[in-house]
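Engineer: Have a look at this fold, sequence not included:
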């Protein structure tokens, strides 16, 4: 007979479910997209702030890097705020007690 009881199995299952929920929320696509857009937005915004007169003349006087960078920052922040306001709810599988009597 083994020393592994039903309560040990339930505890292990609940620990694995918590780890799975943490991994699912960590790799939420909104976090990845938002983070990348914020990082690239910062880089492009800095390129737009430091644009030379020659670069502005090429774009008909429009500082396209600045406007694109600010747009990317806004989109990235939108995704991160969306993630913060509506976090991912990982469904928990039903336990045997929730399913009712077995026939």
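Structural biologist: That came through, no problem. Remember, it's a predicted structure, so these values are computed and weren't measured experimentally. Numbering: from 1, shown residues only.
Engineer: Spatially nearest residue to the most centrally placed residue in the chain (excluding sequence neighbours)?
Structural biologist: A centroid search over the chain (CA atoms, centre = their mean) returns residue 31, at 1.8 Å, as the residue closest to the centre. Using CB to CB, 6 or more residues apart in numbering and skipping the chain neighbours, the partner closest in space to residue 31 is residue 83 (5.6 Å). Where you see a C-beta, it was placed from the backbone N, CA and C, and this is true even at glycine.
Engineer: pLDDT score assigned to the residue nearest to residue 42 when sequence neighbours are not counted?
Structural biologist: Closest residue to residue 42 apart from its sequence neighbours, by CB to CB, 6+ apart: residue 73 at 6.8 Å. At residue 73 the predicted local confidence, pLDDT, stands at 98.
Engineer: Check whether residue 73 really touches residue 36, as I assumed.
Structural biologist: No - Residue 73 is beyond contact range of residue 36, at 11.7 Å (criterion: CB atoms under 8 Å).
Engineer: Compare the two and say which is more crowded by neighbours.
Structural biologist: Using other CB atoms under 10 Å as the criterion, residue 73 and residue 36 rank with residue 73 on top: 18 against 13.
Engineer: Would you quantify the distance from that one to residue 66?
Structural biologist: 11 Å (CB to CB, to the nearest Å).
Engineer: tell me, what's touching these two both at once?
Structural biologist: Common neighbours of residue 73 and residue 66 are listed as residue 45 (criterion: CB atoms under 8 Å, 6 or more residues apart in numbering).
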